[in-house]
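Participant: fold the following for me, if possible:
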Amino acid sequence: MAGRVLVVEDDPAALQLIGFTLESAGYEVILVANGIEGLRKAQEEAPDLLVLDLMLPGIDGYEVCHRLRSDPAGRERRLPILMLTAKSQETDRAMAEKMGVDRYLCKPATPEEITAAVRSLISQR
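Facilitator: Numbering: from 1, shown residues only. Take a look at the predicted model:
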């Protein structure tokens, strides 16, 4: 197994596509559809990487990042975060970096781009 990836995405089609893409690349994948559940799974499941949408129900991707990076256990563990979002403005990217995102990828991203970003971030861990 190449690693465990938690995917937090509210669009069911995108969630399934990302999940299928990463499973096909050999990753164990955990899929959730909202920010609150994503935060909980990130803390409980100890994934090797988090793929996170920005616009989510419950709490948004910025808040998920903020809470993970603010938590002492989360800071120690330093979970890599790939933000995968349709928001392409420079202000969105800057805010994500401020919240502690490791890589920012805009939708639509190809399966190859997603897999390459995940592979790169996990290998840097």
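Participant: so which elements touch the strand or helix carrying Val51?
Facilitator: Taking DSSP states H and E as the criterion, Val51 maps to strand 49-52. Counting contacts by 3 or more C-beta pairs under 8 Å, 6 or more residues apart in numbering; DSSP states H and E, strand 49-52 packs against strand 4-8, helix 35-45, helix 61-70, strand 81-85, helix 111-124. Using the backbone N, CA and C atoms, a C-beta is placed for each residue, glycine as well.
Participant: give me every residue that touches the closest residue to Pro12 other than its chain neighbours.
Facilitator: Closest residue to Pro12 apart from its sequence neighbours, by C-beta to C-beta, 6 or more residues apart in numbering: Ala33 at 7.2 Å. Contacts here follow C-beta atoms under 8 Å, 6 or more residues apart in numbering; on that basis Ala33 touches Val8, Glu9, Asp10, Pro12, Leu15, Pro57.
Participant: which one of the residues you listed sits closest to Ala109?
Facilitator: Closest approach to Ala109 among those (C-beta to C-beta): Glu9, at 11.9 Å.
Participant: any low-confidence regions in this structure?
Facilitator: 1, 73-77 (pLDDT under 70).
Participant: tell me the centre residue of it?
Facilitator: Taking C-alpha atoms, centre = their mean, the centroid of the chain lies closest to Val51, which sits 1.7 Å from it.
Participant: for that one, give the beta-bridge partners.
Facilitator: Val7, Leu82 (DSSP bridges).
Participant: thank you, goodbye.
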